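*Asks:* Provided below for reference: sequence and predicted model.
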Amino acid sequence: MGSSIFGIGVSGLNAAQAGLTVTSNNMANVSTAGYNAQYVTQGDRTPQNYSFGFLGKGVDITNVLRTYDQFLTAQVRNAQANTSYYQTQVDQLNQINNLMADNSVGLSPAFQDFFGALQTLSQQPNSQPSRQAALNMAQALAGKFNAVGDQLQQMQTGANGQIKTTVDSINALATQIASLNTEIATLTGANPASAQPNALLDKRDQAVLELNKLVTTKAVPQSDGSYIVYIGSGQTLVAGQQVNTLATQPLATDPTTLELVFNNPNGTVTPIPNSLITGGQLGGLLTFRDGPLLQSRQQLGTLAINFTATMNYQSQLGMDANGNPGQPMFNDLSAYTSNPQNAASNLRVIMGDPAKLSTASNMVSTGGAGGTATMSGVWASLPGGYAASINSVPPVFPSAATHPSIGMTGMTITASATIPVTMTATIAGTNGGGPYNVVVDSNAPTGSNSFKLQTIGTPPVDVGIGFQLSSAPTAGQTFTVGPAPVGTPSPGDNTNLQQLINQQNTALVNGQSYQTYYSTLVASVGNQTNTAQLQATAATTTLQQVSTNLSNVTGVNLDQELANLLIYQQAYQASGKVIQTAQTIFNSVLNMLG
């Protein structure tokens, strides 16, 4: 009996010691990331059958398990992926938002200064200082386009760099998970029902959680205790010991953009569409780079393309200070229409001589007959379909050489013989035609008695020629117009300059003026930043809630562990007392026998 009591006491001592060890380990790892509280399971030994009944033989430690909740763990992983996704976008969007909203860098003040300089020049078109100031403001505006475009390009480069770094981190974590799969399978003998290496299981789950900071994953337990880890729409990243690594490579259609690929075992790669990568830092970077960042770069580029094309078009419809046909002020960016994101950084002022600014009209009044009204000015303007052409998909950029004023040999405007007086016009020359209706131009910067030519069809379309009379025309009166003589300056003529200035408030970029379009871009970036911030805040709150829920179930509760410590301590002491009693009995028996 003493021997039986001794064995029971030893088993109880061992069980209490195991409990003390596990409890102490829990308390030591209270702050360890990913640690799940462990607990001892024990069972009584098979009892000994005596004639009077069964007597117990002690206790055995059956296992050391970790508290684990698969459902809550999956919730935390998904919440972590969402939080990283939105926070990454916020961090990136703030860069664009701060750039666009900064008046020292943004385009709105530069546009205002440029058109303000043109307005000043219009008061004295032959002023050399005013011409130089206007050209300086053009250079300043081009510099602003370049600066914003370059900084957005740097953000693109930075996003690519972060994508590559994130892919490297994903591969490192995937390799770690595969290694842990191997260790776990080796230690358990591929039998999940056996004793579990809890520390390795915790490390693997923590690695999966860290992986979800980078990309949304799904970890599926297998019969041998390993994980298969999927990303995207079911692409296998880890399967047991096998890792299918990710990589990046330049996109064939745009080498400045990195695309994701899977490295295949045969040495080939399989591109991964961005739509398959959701959540995590990688998803946030891809969404930002190919969404708000690309959109901002493309819209800025579209603004640069339309602005330079329209300014150059109008410039070529005028005459410079030396009486020569106008030349483009900016370089031609139409080659960037298929990749407008690269246009802004390449905008340049190609006009170096301020005398080349085409302020005067390329047409002059050559007289008329009948009546007292005289023609005080005539000018070429943008044709009615011009804005629609450059904003079409794909855009079409009309050549100034096709404008009715180019190659004109003469134009005749005839007032009707009946009252109310109406007028029609015909144009002779390379791009001539007619007859055209002459209608009042209420938007002309020259004021009253301003008219413009329109086609007779329905709806009528502006031809691109306007003029001003000193008074209303007399019935039957005619006016004639011819080309401005080359080499003969018109120092006081600002009519073409007025058309350049008129562009400031004309809808030339997707139905908006230059500055309104840019302001819309700035507002869009701001709205996207605010939306992402709200989503990030909500995702962070959700992550905190589900993390708390998981911690309440699987985390270390120090109060509970202290209680367990006292229980195991008392059990240890009690078992020691049992052993002491058995020893006393055993000694008594020996004394009796001796």
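*Replies:* Good, I have the coordinates. The structure displayed is predicted, hence computed values, not measured ones.
*Asks:* and the helix or strand of the chain with the lowest mean pLDDT, what does it pack against?
*Replies:* Here the helix or strand of the chain ranked lowest by mean pLDDT, DSSP states H and E is strand 48-50, holding a mean of 84. Contact here means 3 or more CB pairs under 8 Å, 6 or more residues apart in numbering; DSSP states H and E; on that basis strand 48-50 packs against no helix or strand. C-beta coordinates here come from the backbone N, C-alpha and C atoms, glycine included.
*Asks:* which other residues reach the next helix or strand after that strand?
*Replies:* Downstream of strand 48-50, the next assigned helix or strand under DSSP states H and E is strand 53-55. Residues from elsewhere that reach strand 53-55, judged by CB atoms under 8 Å, 6 or more residues apart in numbering: 4, 47, 48.
*Asks:* how close does the last one sit to residue 60?
*Replies:* As for residue 48, its distance to residue 60 is 15 Å (criterion: CB to CB, to the nearest Å).
*Asks:* over to the first one?
*Replies:* Counting by CB to CB, the gap between residue 4 and residue 60 amounts to 15 Å.
*Asks:* what do you get for residue 413?
*Replies:* 113 Å.
*Asks:* swap in residue 573?
*Replies:* 20 Å.
*Asks:* residue ranges in the protein under the pLDDT threshold?
*Replies:* Scanning the chain for pLDDT under 70 picks out the ranges 1-3, 190-193, 446, 594.
*Asks:* biggest strand in it by residues?
*Replies:* Assignment by DSSP state E gives strand 254-263 as the longest strand of the chain.
*Asks:* what's in contact with that one?
*Replies:* 153, 156-157, 160, 163-164, 167, 235, 244-251, 269-272, 274, 277, 286, 289-290, 339.
*Asks:* which of those residues fall in helices?
*Replies:* Of the contacts of strand 254-263, the ones assigned to helices by DSSP state H are 153, 156, 157, 160, 163, 164, 167, 286.
*Asks:* how about the third one, nearest residue that isn't a chain neighbour?
*Replies:* In space, not counting the residues next to it along the chain, residue 157 is nearest to residue 256; the distance is 7.7 Å by CB to CB, 6 or more residues apart in numbering.
*Asks:* now residue 302
*Replies:* Spatial nearest neighbour of residue 302, chain neighbours left out: residue 340 (4.9 Å); criterion: CB to CB, 6+ apart.
*Asks:* now do residue 466
*Replies:* residue 452 (4.2 Å).
*Asks:* so in terms of bridging, what pairs with that neighbour?
*Replies:* residue 439, residue 466 (DSSP bridges).
*Asks:* neighbour-wise, which one of the contacts of strand 53-55 leads?
*Replies:* Each of these was scored by neighbours using other CB atoms under 10 Å; the highest score is residue 4's, at 14 neighbours.
*Asks:* go ahead and confirm that one touches residue 47.
*Replies:* No: at 10.9 Å, residue 4 and residue 47 do not qualify as touching, with contact defined as CB atoms under 8 Å.
*Asks:* now the common contact residues for the two.
*Replies:* 55, 57.
*Asks:* the chain: helices as residue ranges?
*Replies:* 2-28, 70-101, 108-123, 128-188, 198-214, 280-288, 294-315, 386-390, 495-502, 514-554, 558-593.
*Asks:* contacting residues for residue 114?
*Replies:* Residues in contact with residue 114 (CB under 8 Å, 6+ apart) are 134, 137, 138, 140, 141.
*Asks:* emit the PyMOL select command for whichever of the ones in helices among the contacts of strand 254-263 are buried.
*Replies:* Remark: buried members of the ones in helices among the contacts of strand 254-263, expressed as a PyMOL selection using 16 or more other CB atoms under 10 Å:
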select buried, resi 153+156+160+163+167+286
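*Asks:* what number of residues lie near residue 409?
*Replies:* For residue 409, using other CB under 10 Å, the count is 11.
*Asks:* now do it against residue 453, distance only.
*Replies:* 16 Å.
*Asks:* ok so, going back, just curious, which of the contacts of strand 53-55 is nearest to residue 466?
*Replies:* Using CB to CB, residue 47 comes nearest to residue 466 of those, at 112.4 Å.
*Asks:* sorry, back to before: could the ones in helices among the contacts of strand 254-263 go into CSV alongside distance to residue 559?
*Replies:* CSV is the format used below for the ones in helices among the contacts of strand 254-263 (distance: CB to CB, whole Å):
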residue, distance to residue 559
153, 57
156, 53
157, 52
160, 50
163, 45
164, 47
167, 44
286, 45
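*Asks:* how about the ones in helices among the contacts of strand 254-263, which pair is most distant?
*Replies:* 153 and 167 (21.3 Å).
*Asks:* wait, residue 491 sits on residue 321?
*Replies:* Yes: proximity of residue 491 to residue 321 meets the contact threshold set by CB under 8 Å, at 7.4 Å.
*Asks:* any shared contact partners between those two?
*Replies:* Counting by CB under 8 Å, 6+ apart, the residues touching both residue 491 and residue 321 are 125, 126.
*Asks:* the more surrounded of the two?
*Replies:* Taking neighbours as other CB under 10 Å, residue 491 and residue 321 compare with residue 321 leading, 21 against 13.
*Asks:* residues in contact with the closest residue to residue 213 other than its chain neighbours?
*Replies:* In this structure, residue 213 finds its nearest non-sequential neighbour in residue 84, 4.7 Å apart by CB to CB, 6+ apart. By CB under 8 Å, 6+ apart, the contact set of residue 84 is 212, 213, 214, 279, 280, 281, 284.
*Asks:* so can I have CSV of the residues you listed showing neighbour count and distance to residue 368?
*Replies:* Putting the contacts of residue 84 into CSV (neighbours: other CB atoms under 10 Å; distance: CB to CB, whole Å) gives the following:
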residue, neighbour count, distance to residue 368
212, 28, 81
213, 22, 79
214, 26, 77
279, 27, 74
280, 26, 75
281, 24, 73
284, 32, 69
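*Asks:* got TSV for these, with distance to residue 203 too?
*Replies:* Below are the contacts of residue 84 laid out as TSV (distance: CB to CB, whole Å):
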residue	distance to residue 203
212	15
213	16
214	17
279	22
280	20
281	21
284	26
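*Asks:* which one of those residues sits closest to residue 466?
*Replies:* Looking across the contacts of residue 84 and measuring by CB to CB, the closest to residue 466 is residue 284, at 52.3 Å.
*Asks:* give the contact list for the closest one.
*Replies:* 84, 85, 86, 87, 88, 89, 92.
*Asks:* how far away is it from residue 36?
*Replies:* To residue 36, residue 284 is 29 Å away according to CB to CB.
*Asks:* give the contact list for the spatially most central residue of the chain.
*Replies:* Centroid-nearest residue in the chain: residue 288, 2.2 Å away (criterion: CA atoms, centre = their mean). Contact analysis of residue 288 by CB under 8 Å, 6+ apart lists 88, 89, 92, 93, 159.
*Asks:* if you set the cut-off to 6 Å instead, what comes out?
*Replies:* Residues in contact with residue 288 (CB atoms under 6 Å, 6 or more residues apart in numbering) are 89, 92.
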